[in-house]
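J.: just a sequence and a predicted model for now, questions to come.
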Amino acid sequence: MDDVVDLTRTFAKTPRVMADCRQFPSEKNCTLTLSGKVDEVLAAATAHAVSAHGHTDSPELREQLRQILKPESDLLPDLDQSIRKLA
Ligand SMILES: [Zn+2]
């Protein structure tokens, strides 16, 4: 059980966010999700939006992407709950 407690602490210490491409307006039905620290996800999401969706890198695009970022725990409630149960 100690391993699970450590895992829970690690999650708490390193809040990550997720960007779900399904929430971004797109005609591609893209299902990519990115997770990491805010800066990491924004950088990766911007690169993805430009290369995969043909967007132009701009402050407006970054602002739109920033708006779809969610705390990882919001999008992984099942995982979060099962970790809590085990702990
Ligand atoms: Zn995409």
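T.: It's in.
J.: quick one: mean pLDDT for stretch 51-65?
T.: Averaging pLDDT along stretch 51-65 yields 94.
J.: my guess is Ala43 is in a strand, correct?
T.: No: counting by DSSP: H, G, I helix; E, B strand; the rest coil, Ala43 is not part of a strand but helix.
J.: now Cys30: closest residue in space, sequence neighbours ignored.
T.: In this structure, Cys30 finds its nearest non-sequential neighbour in Cys21, 4.3 Å apart by C-beta to C-beta, 6 or more residues apart in numbering. No exception for glycine: its C-beta is placed from N, CA and C like everyone else's.
J.: where do the strands sit along the chain?
T.: 17-20, 33-36, 69-71 (DSSP state E).
J.: hmm, back to that, next, the contact list for the residue nearest to Cys30, please.
T.: Cys30, Thr31, Leu32, Thr33, Leu34, Ala45, His48 (C-beta atoms under 8 Å, 6 or more residues apart in numbering).
J.: mind putting the strands of the chain into a markdown table with distance to the ion and mean neighbour count?
T.: Listed next are the strands of the chain as a markdown table, based on distance: least, C-beta to the ion, whole Å; neighbours: other C-beta atoms under 10 Å:
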| stretch | distance to the ion | mean neighbour count |
| --- | --- | --- |
| strand 17-20 | 9 | 21 |
| strand 33-36 | 9 | 18 |
| strand 69-71 | 14 | 15 |
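J.: nearest spatial neighbour of the residue positioned nearest the centre of the chain, skipping sequence neighbours?
T.: The chain has Met18 as the residue nearest its centroid, 0.9 Å off, counting by C-alpha atoms, centre = their mean. Nearest residue to Met18, sequence neighbours excluded (C-beta to C-beta, 6+ apart): Ser35, at 4.4 Å.
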